[in-house]
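[1] Structure, please.
(one chain, ligands or ions: 1)
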Amino acid sequence: MRKLCGLALAALSVSGLAGFGQATGPLEYVKAGKLFDSQSGTYKQNVVLVVEGERIKSVEGAGFAIPAGAKVVDLSQDYVLPGLIDCHTHMGARADKYDPINEFKETPFSTAYASVVNAKRTLDAGFTSIRDVGSAPFMAVDLRNAINEGLLPGPRMVASGPGISITGGHGDLNNYSPEVRVTLYPDKRGFGIADGPEQVRQTVREQVKYGVDVIKILASGGVLSKGDQPGAPQFTYEELKMAADTAHAAGRKIAAHAHGAQSIKDSIRAGIDSIEHASLVDDEGIKLAKEHGTYFVMDIYDDDYILGNAKNFGMQQEMIDKERGVGKLQRENFRKAFQAGVKMAFGTDAGVYPHGDNAKQFHYMVAYGMTPAQAIQAATVSAADLIGRSADVGMLTAGHYADLIAVKDDPLVRVEVLEHVGVVMKGGVVVKDELTGR
Ligand code: ARG
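    Numbers count the residues shown, from 1 in each chain. The predicted model follows:
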């Protein structure tokens, strides 16, 4: 019996990969009036996507004859783009729960219930793939598996465990009396608090053991934590290097939360794959990122939500003050880093603001220096590259998943049209359609 249970679990973890696996089925045909080619950043006119099962079999030109009686999704009047990808989400997080007492009320179940709703909202918003970079311990792993098994609607997920934090760091619970033991997940291994290279190595290995696709480490202080400063380093270079080497040895990528200039540079030198936030990057950090090919994932919409709405949901003054210290600089540095040629992938920190509003960030990416096409590339071809899924998502060419969205107005003219997508298809299945019934 024990052995059987072990086998069942092993089968589950294999099926965890199924979201990026194979399947076949009857052919269907998607007529696309304008198809966004995410590699060139331009449209192809009047194409037909031949979809077999979950994947695109071929991309045909205007003269292609669709067999009579075949299943057709007619988007011939619309703009069709690859499904969008958000590289920085927290599926279990809620943007209406900033009261600090909430820290003591959440359970694995409450965050999991929230994540079911959030996954659906994310998918309906046109985000057919996401990377979760920190939820309740290993919740994202289970959510990923449940979506892949077809239990729940949601995007394809690349899942991390809890963000790895130093004691007293961005991922810890701070400023309570030392007379009471308040720490996240006391005595649970792999759950996130680590000090020194050896503990970091062990934590990364534990997380891999529990099924994560990617490691998240909290290199610097943060905004939405108590008792620390976004600009201040937390993990040392040695600890970051150990984390990156251990993750890579296990075939996993690693993302570092880093607002501060020193932590950004330490993380890049340590070989970390993406810098999350990158708010206070300096010229040397920009140069290093270019040299190492490190992605920046800059959540430049959040400032509006935090300063505009979060107060009503109990956010504390300390955090609002910290946000005032990074928000504007982060946007200016987004412009600077992008113009200098740093690779950029779309990531929003969904959960800080309500899930489903992910596309609101496109407006800011364009306001701070990108063309609409470049902003969409950041959320498709570049994001797919960062999450290691280029063969599966981010493009609509033969072999890729039939993950696509459609809008009736041109997002290259007004990128904000992506805030309300009309059609969402994931793996050849239409999951939302407000367009073709017109
Ligand atoms: N999770 C991040 C932190 O707490 C959110 C930062 C949001 N602010 C911003 N300007 N991007 O540090």
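
[2] Where do the strands of this protein begin and end?
    Assigned by DSSP state E, the chain shows strands spanning 27-37, 42-52, 55-60, 71-82, 84-89, 127-132, 156-159, 214-218, 253-258, 274-277, 295-297, 404-407, 423-426, 429-433.

[3] so which of the ones you listed comes closest to the ligand?
    Nearest of these to the ligand, taken as C-beta to the nearest ligand atom: strand 274-277 at 5.6 Å. For glycine as for every other residue, the C-beta is placed from the backbone atoms N, C-alpha and C.

[4] Mind listing residues that contact that closest one?
    87-88, 133, 216, 230, 253, 255-259, 264, 267-268, 281, 289, 294-299, 326, 330, 345, 347, 349, 386 (C-beta atoms under 8 Å, 6 or more residues apart in numbering).

[5] State the distance from Ile272 to Gln202.
    Computed as C-beta to C-beta, to the nearest Å, the Ile272 to Gln202 distance reads 18 Å.

[6] now the closest residue to Asn102 other than its chain neighbours: how far from Gly327?
    Distance criterion C-beta to C-beta, 6 or more residues apart in numbering; nearest residue to Asn102, sequence neighbours excluded, is Gly314 at 7.6 Å. Distance of Gly314 to Gly327, computed by C-beta to C-beta: 19 Å.

[7] repeat for Gly437
    Distance of Gly437 to Gly327, computed by C-beta to C-beta: 41 Å.

[8] neighbour count winner among those two?
    Applying other C-beta atoms under 10 Å to Gly437 and Gly327 shows that Gly327 carries more neighbours, namely 17 against 5.

[9] distance of that one from Met319?
    Distance from Gly327 to Met319, counting by C-beta to C-beta: 12 Å.

[10] Need the residues touching each of the two.
    When C-beta under 8 Å, 6+ apart defines a contact, the residues bordering Gly327 and Met319 alike are Ile306.

[11] wait, what's in contact with the residue of the stretch 1-150 of the chain found nearest the ligand?
    The nearest approach of the stretch 1-150 of the chain to the ligand comes at His90, 8.2 Å away (C-beta to the nearest ligand atom). By C-beta under 8 Å, 6+ apart, the contact set of His90 is Asp132, Val133, Gly134, Ser135, Asp349, Ala350, Gly351, Val352.

[12] Return the backbone torsion pair for it.
    Phi and psi for His90, reported as degrees, to the nearest 10, are phi -130, psi 90.

[13] So which bits of the stretch 201-350 of the chain are right by the ligand?
    Residues of the stretch 201-350 of the chain lying close to the ligand (C-beta under 6 Å from any ligand atom) are 222-224, 230, 277, 299, 302-303, 306, 323, 326-327, 330, 349.

[14] mind redoing it with 8 Å?
    Within the stretch 201-350 of the chain, the positions adjacent to the ligand are 221-225, 230, 257, 259, 277, 279, 298-303, 306, 319, 322-323, 326-327, 330, 349 by C-beta under 8 Å from any ligand atom.

[15] Show me where the stretch 101-250 of the chain has its helices.
    For the stretch 101-250 of the chain, the helices defined by DSSP state H, counting those that start in this stretch occupy 108-124, 139-148, 196-209, 237-249.
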